[in-house]
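1. Starting from these lines, generate the structure:
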Amino acid sequence: MKKKGLKFAVSMALAASMAASVLAGCSSGSGGSSAGGGAAAADGEWKWERKVTLVCPWGVGGGADSTLRPLQPELEKILGVPVEIVNVEGAGGANGIDFTNKQPADGYTYVLGTQSIVMLDLQKILPVDFTKEFRPVSKLVHSINIIASSKKAMEGKYTNFTEFVEYAKTHPQELSCGMLTATGADSVSLKQTLAGGLGCDITEVENYVKIVNYSSGAELSSAMVGGHINLNITGADEIKGLIESGDIVPLISMSEDRMSSFPDIESTGEHKIDSYVGTWRGIFARTDTPDAAVDAMAKAIKEAWDSASYQEFMKNAGYLDRPGYATAEELQTLVDEEYATFEEYLKSAGLIQ
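-> I've put the predicted structure just below:
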């Protein structure tokens, strides 16, 4: 009996040891990188071991890039490793998504996303299915777009939004609006607002106002200052200097109420126009990125977002009128809503079936 008891005890010990080894192997496989880039400790905490890359699918100096720059030093302090911003511009943001998708999903590469990515995905322009290949980590900002006018081009024609739409009605296609992406979120916001003011269908706006495409923000701003076009749709933060210099005059904001940073600008809410699309920017990761890494990045982003320096950046850029930060779950809800909104618009415009 004693021998049988001893054999049983030894067998149980071996089984327990083998089970522990299997569990340890599974834990290592799900929380770390086969390349040795990072690992989840026994308590599930992700350990940062090398440089983190934040991909910006647009150029240096634009609104997307400027959202990441003040976040970078705060993240470096929190993560304890270098954080590099890599700008991969072109194709309206598609190149940056393609680049990110080709990087290892090891917890060290993330990408900035906006409505523009949603629009590209709906039009099958992206090289990947964004909803399947990427998942949200955190939302950073949610700005309010404005329609602004060239001071030089508006002289003798109109002084505010109401006068602009009246002039457009009586002088069809004399006035023009410049933008970077004619089929992007800016186009939706512009046409919703002008259609509301003109009292026409969103598909009829271009019968009154010409749309002119530009390849860069600098070229567009130059055209505005020079009076070559009448309007531009943009974030107030992106042309704050030109507004303050008087070269550009804001006509209306796409918001329920007036902006705290620009209280003299009329809002679409005041005009009973259902147009409130504003640019949001959030961080995304490849779907198969380890959960521990995504959770650790989300935690770090929230801490960096709460920092005094990032809060000061948002105040100066006019980002405090709408809730900026959002969790992964909240950002996913927003993304789902945006897919529905923009799919309806693209279908009505005949751009997708």
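2. Tell me how far the longest strand seen in the chain lies from the chain's centre.
-> Taking DSSP state E as the criterion, the chain has its longest strand at strand 134-142. Here strand 134-142 is found 7 Å from its chain centre; the criterion is CA atoms, centre = their mean, to the nearest Å.
3. Now do it: which elements does it pack against?
-> Applying 3 or more CB pairs under 8 Å, 6 or more residues apart in numbering; DSSP states H and E, one finds that strand 134-142 makes contact with helix 94-101, strand 109-113, strand 280-286, helix 291-305, helix 328-348. For glycine as for every other residue, the C-beta is placed from the backbone atoms N, C-alpha and C.
4. Out of the ones you listed, which is the most enclosed?
-> strand 109-113 (a mean of 25; mean count of other CB atoms under 10 Å).
5. what packs against that one?
-> Packed against strand 109-113 by the contact rule (3+ CB pairs under 8 Å, 6+ apart) you find strand 52-56, helix 63-68, helix 94-101, strand 134-142, strand 280-286.
6. Can you say which of those is nearest to Glu256?
-> Closest to Glu256 of the helices and strands packed on strand 109-113, according to CB to CB: strand 134-142, at 12.8 Å.
7. hang on, isn't Ser267 packed against Leu251?
-> No: here Ser267 lies out of contact with Leu251, judged by CB atoms under 8 Å, at a distance of 10.9 Å.
8. quick revisit: for the longest strand of the chain, output the C-alpha coordinates as PDB.
-> Only the C-alpha atoms of strand 134-142 are listed here, as PDB (Å, rounded to 0.1, in the frame of the first residue of the first chain):
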ATOM      1  CA  PHE A 134      -6.800  46.900 -36.700                       C
ATOM      2  CA  ARG A 135      -8.300  47.600 -33.300                       C
ATOM      3  CA  PRO A 136      -8.600  50.800 -31.300                       C
ATOM      4  CA  VAL A 137      -6.300  51.600 -28.300                       C
ATOM      5  CA  SER A 138      -7.300  55.200 -27.300                       C
ATOM      6  CA  LYS A 139      -8.800  58.400 -28.700                       C
ATOM      7  CA  LEU A 140      -6.700  61.500 -28.300                       C
ATOM      8  CA  VAL A 141      -8.700  64.500 -29.600                       C
ATOM      9  CA  HIS A 142     -11.900  65.400 -31.300                       C
END
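9. Who has more neighbours out of Ser267 and Leu251?
-> Neighbour count, other CB atoms under 10 Å: between Ser267 and Leu251, Leu251 has more, with 24 against 21.
10. Name the helix or strand for the more buried one, please.
-> In the assignment (DSSP states H and E), Leu251 maps to strand 248-253.
11. Look at the spatially closest residue to Asp247 that is not a sequence neighbour and say how many residues are nearby.
-> Of all residues not flanking Asp247 in the chain, Val225 sits nearest, at 4.7 Å (CB to CB, 6 or more residues apart in numbering). Residues lying near Val225 (other CB under 10 Å) number 17.
12. likewise Asn160?
-> 14.
13. what separates it from Pro250, distance-wise?
-> Per CB to CB, to the nearest Å, Asn160 is found 10 Å from Pro250.
14. quick one: stretch 285-293 to chain centroid distance?
-> Relative to its chain's centre, stretch 285-293 lies at 19 Å (CA atoms, centre = their mean).
15. Renumber starting at 96 from here on
-> Right, with 96 as the first residue, what we last looked at is stretch 380-388.
16. just to revisit the earlier point, list the neighbouring strands of the strand holding Leu346 plus their orientation.
-> strand 240-245 (antiparallel), strand 361-362 (parallel) (DSSP bridges).
17. now the last one: mean pLDDT?
-> It refers to strand 361-362. When pLDDT is averaged over strand 361-362, the result is 96.
18. ok, and what's touching it?
-> Applying CB atoms under 8 Å, 6 or more residues apart in numbering, the contact partners of strand 361-362 are 255-256, 346-354.
19. Helix or strand for Lys248, just tell me which one.
-> Quick fix: residue 248 is Ala, not Lys. Residue-wise, Ala248 maps onto helix 246-249 under DSSP H and E.
20. Strand 240-245 and the helix or strand following that helix, what's the angle between them?
-> Going down the chain from helix 246-249, the next helix or strand is helix 256-265, by DSSP H and E. Per axes from the mean of the first three to the mean of the last three CA atoms, to 10 degrees, the angle that helix 256-265 makes with strand 240-245 is 70 degrees.
21. tell me which strands and helices helix 256-265 is in contact with?
-> Helix 256-265 packs on strand 270-274, helix 280-293, strand 343-348, going by 3+ CB pairs under 8 Å, 6+ apart.
22. neighbouring contacts of the first one?
-> It stands for strand 270-274. With CB under 8 Å, 6+ apart as the criterion, strand 270-274 contacts 242, 252, 259, 262-263, 281-282, 285, 303-309, 315, 318-319, 324-328.
23. ChimeraX command to pick out the buried ones of those residues?
-> Applying 16 or more other CB atoms under 10 Å to these leaves a buried subset, and the ChimeraX line that selects it is:
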select :242,259,262,263,281,282,285,303,304,305,306,307,309,315,318,319,324,325,326,327,328
